[in-house]
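Could you work out the structure for the sequence below:
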Amino acid sequence: MLTLVTGTTGQVGRRFVPRLLAQARAGVGVPPLERSREWGKVRVLVRDASRADRFADLGAEVVLGDLRDEDVLGKAVAGVDAVVNVAAAFRGVPDEEARAVNRDAAVALGRAAQAAGARRFVQVSTGLVYGTGRGRPLVEEDESRPGGSMWGAYPESKAAAERELLALDGLDLRIGRLPFVYGEGDPHLADSLRWAAHWAPTQRLHMGHHADVAQGLFRLLYAPAVNGPVHNIADDTPVTAVDLHQVNGVALPEGMDTRTDPDPWLVIMSTRKIRRDLGYRPLYPSVWSARDAGAL
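The predicted structure is shown next:
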């Protein structure tokens, strides 16, 4: 099986690809009836040639170019059995670029993969597409309700990509909605203080370690069938603004105790579906367990 992965130089992609190569070659997570096939072939799409050697050294086939280039897209999907679209543009980019990468390029990739005969398409999305909270953990059947403090061009464009990909007839689409991803030196954990410093002490953030994001995506990629395309991937213990300061070793901001949380269930997701249907269990159920294991 030849799997194409996009977004390979981002924080998620650069950690996902080595795991994919290692697990696919070992047959870990691959259904027994599929192990006779070659699951170990991985192709990566990389824009910057100077960053390609790392993947080639790991044994991946490299295609150079931009996801938004139609000619490059054709080369990238030629002969692939599956696609994992990790590519994303979010913090610090213009809204137009976010929409071009997250929506337009994702949909074009889906169409190209479908035309090339790909068996499976895993779209990496975000829990932010849910928008406002519902007073309970968010489930995959919940519709997107734009709004809330975390809404913007990134979740808007990811939600639009989901809708358009779902409309492609015959595409075996699996969507993984990710939480706030951290671990293994990812600067996102420190970056979280940019928001948490202005939150109420009890305001929560749902997180997921890179190792658990990878295992969730593996389960979507390898499952012979899924019960509906959308699956939430996250850990078991959303953390508070106080937790985020403590795990970063930073003192609490003055006046934090006077603030109130406007939406206590904002982007807090249920993982019951992926646990029940695909056997997902977080290796790091909380950021504290990851800290204790030296995996931050």
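
check contacts around I274.
G216, R219, H231, N232, I233, Y280 (C-beta atoms under 8 Å, 6 or more residues apart in numbering). Where you see a C-beta, it was placed from the backbone N, CA and C, and this is true even at glycine.

just V84 next, same as before
T3, L4, V5, T6, F16, L20, V122, V124, L217, L221.

What about those, which are in helices?
Using DSSP state H, F16, L20, L217, L221 are the members of these that sit in helices.

Relative to A197, which of the residues you listed is nearest.
F16 (29.5 Å; C-beta to C-beta).

right, and the closest one touches A214 too?
Yes. Counting by C-beta atoms under 8 Å, F16 does reach A214; the two are 5.2 Å apart.

Which parts of this protein are helices?
According to DSSP H, the helices that the chain contains are 13-26, 53-58, 70-77, 95-99, 106-115, 153-166, 188-191, 193-196, 210-222, 241-247, 272-278, 287-292.

mind putting those in CSV, mean pLDDT and distance to E254 included?
Output for the helices of the chain, formatted as CSV (pLDDT from 0 to 100; distance: least, C-beta to C-beta, whole Å):
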stretch, mean pLDDT, distance to E254
helix 13-26, 88, 36
helix 53-58, 94, 44
helix 70-77, 94, 51
helix 95-99, 96, 34
helix 106-115, 97, 43
helix 153-166, 98, 30
helix 188-191, 95, 20
helix 193-196, 96, 14
helix 210-222, 97, 33
helix 241-247, 98, 12
helix 272-278, 98, 39
helix 287-292, 98, 24
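
most tightly surrounded among these?
Greatest average neighbour count among these goes to helix 210-222 (a mean of 23), per mean count of other C-beta atoms under 10 Å.

Centre of the chain to it, how far?
Relative to its chain's centre, helix 210-222 lies at 9 Å (C-alpha atoms, centre = their mean, to the nearest Å).

ok, now stretch 64-73?
With C-alpha atoms, centre = their mean, you get 21 Å for stretch 64-73.

Would you map the strands across the stretch 1-150 of the chain?
Remark: strands assigned in the stretch 1-150 of the chain by DSSP state E, counting those that start in this stretch are 2-6, 41-46, 61-64, 82-85, 120-126.

can you tell me the average pLDDT over the third one?
If you average the pLDDT over strand 61-64, you get 96.

circling back: out of the contacts of V84, who's nearest G79?
Distances from G79 to the contacts of V84, taken by C-beta to C-beta, are shortest for L4, at 9.4 Å.

Tell me which of the helices of the chain lies nearest to Q203.
helix 241-247 (5.0 Å).

which residues sit against the closest one?
189, 192-193, 196-197, 199-205, 239, 251-253, 256, 287-288, 291, 296.

which among those end up buried?
189, 192-193, 196, 199-201, 203-205, 239, 253, 256, 287, 296 (16 or more other C-beta atoms under 10 Å).

Farthest-apart pair in the residues you listed, please.
Between any two of the buried ones among the contacts of helix 241-247 (C-beta to C-beta), the greatest distance is 24.2 Å, for A200 and L296.

so P146 touches E156, yeah?
Yes. At 6.7 Å, P146 counts as touching E156 under the criterion of C-beta under 8 Å.

check contacts around P187.
Q11.

any idea how far it lies from R194?
11 Å (C-beta to C-beta, to the nearest Å).

Tell me which of the contacts of helix 241-247 fall in strands.
R204, L205, V239 (DSSP state E).

Look up how far E162 lies from the second one.
Shown here: L205 relative to E162, a distance of 22 Å by C-beta to C-beta.

With V84 instead?
With C-beta to C-beta as the criterion, V84 and E162 are 15 Å apart.

ok, V17 - contacts?
V5, T8, V42, V44, F55, L58, A60.

Could you identify the most distant pair in those residues?
V5 and L58 (11.7 Å).

Excluding residues flanking it in the chain, which one is nearest E61?
R43 (4.3 Å; C-beta to C-beta, 6 or more residues apart in numbering).

So the one you found sits against A56, correct?
No. Using C-beta under 8 Å, R43 is not in contact with A56, being 11.0 Å away.

Mutual contacts of those two, please.
V62.
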